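Participant: Prediction below, plus the sequence it came from.
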Amino acid sequence: MSAIPQNVLESQQATLNNLFAAQGQLLQGFEKLVGLNLNLLRSSLEQAAGQSQQAINAKDVQDVVALSQSVAKPNAAQALEYGKSVYDIFSDLQLNLSRIAEAQLAQGQQHAADAIDQLAKNAPTGTESAVALLKSSFATASNAAETVVKAARQAADAAESNIQAATNASLKAAAQ
């Protein structure tokens with residue numbers, strides 16, 4: 001079997017493996033999100049039961065006012081914590097999926113480079129300049145793709161730190 005079809009088969013196998021890995025990551029993220037929501041539901045029901053009991057036991061208006069004030073503050077903190085947890089789940093998912101995509105990109109680039117090398121070996125005499133142009137174009141495209149990946153990673157890191165800072169500030173404000 002020639003090298004180019006073998007490269008195509010290997011590339012297809014790698015793509016399929018990466019697809020399964022991505023599906024696995026999506027399923028894990030979904031499981032985490034469902035688990036988070038079930039835990040939130042459970043704690044909300046327990047909290048509502050406790051607050052209902054406190055409301056029933058309230059003897060005067062001051063007890064009701066104190067109860068309403070004690071209910072509002074934890075709910076705001078819980079909402080922020082829930083939002084942070086959801087963000088963390090999606091952030092981890094995005095990180096894992098981008099790793100899979102980057103690995104797929106690197107494999108694709110390697111297979112393309114191997115195919116170009118194979119083409120260069122089998123090219124007729126006199127086509128050296130065309131092969132050199134093809135190699136140069138491929139190298140330029142690969143460098144551009146790597147630059148885009150790095151820029152996207154830096155943007156994601158910057159967004160992550162900004163969101164983390166905003167979340168921490170919100171949690172501190174809610175705790176006061």
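Facilitator: That came in fine, so what should we check first?

Participant: CA only for contacts and neighbour counts going forward, please
Facilitator: Fine.

Participant: the longest helix in the chain is where?
Facilitator: Counting by DSSP state H, the longest helix found in the chain is helix 61-122.

Participant: Could you name the helices and strands sitting against it?
Facilitator: helix 3-57, helix 128-175 (3 or more CA pairs under 8 Å, 6 or more residues apart in numbering; DSSP states H and E).

Participant: Can I get these in a markdown table including mean neighbour count?
Facilitator: Formatted as a markdown table, the helices and strands packed on helix 61-122 follow (neighbours: other CA atoms under 10 Å):
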| stretch | mean neighbour count |
| --- | --- |
| helix 3-57 | 14 |
| helix 128-175 | 13 |
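
Participant: rewinding a little: give me the angle between the longest helix of the chain and helix 3-57.
Facilitator: 180 degrees (axes from the mean of the first three to the mean of the last three CA atoms, to 10 degrees).

Participant: Tabulate the helices and strands packed on helix 61-122 (TSV), appending mean pLDDT and distance to residue 102.
Facilitator: Output for the helices and strands packed on helix 61-122, formatted as TSV (pLDDT from 0 to 100; distance: least, CA to CA, whole Å):
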stretch	mean pLDDT	distance to residue 102
helix 3-57	88	10
helix 128-175	81	8
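
Participant: follow-up on the earlier one: mean confidence for the longest helix of the chain?
Facilitator: For helix 61-122, mean pLDDT rounds to 84.

Participant: Could you check how far the spatially most central residue of the chain is from residue 22?
Facilitator: In the chain, the C-alpha nearest the mean C-alpha coordinate belongs to residue 94, at 1.0 Å (CA atoms, centre = their mean). Distance, residue 94 to residue 22, by CA to CA, to the nearest Å: 10 Å.

Participant: Same question for residue 11.
Facilitator: 16 Å.

Participant: Let me see the contact set for the closest residue to residue 26 other than its chain neighbours.
Facilitator: With CA to CA, 6 or more residues apart in numbering as the criterion, residue 26 has its nearest non-adjacent residue at 7.0 Å, and that residue is residue 93. Contacts of residue 93 were listed using CA atoms under 8 Å, 6 or more residues apart in numbering, and they are 25-26, 29.
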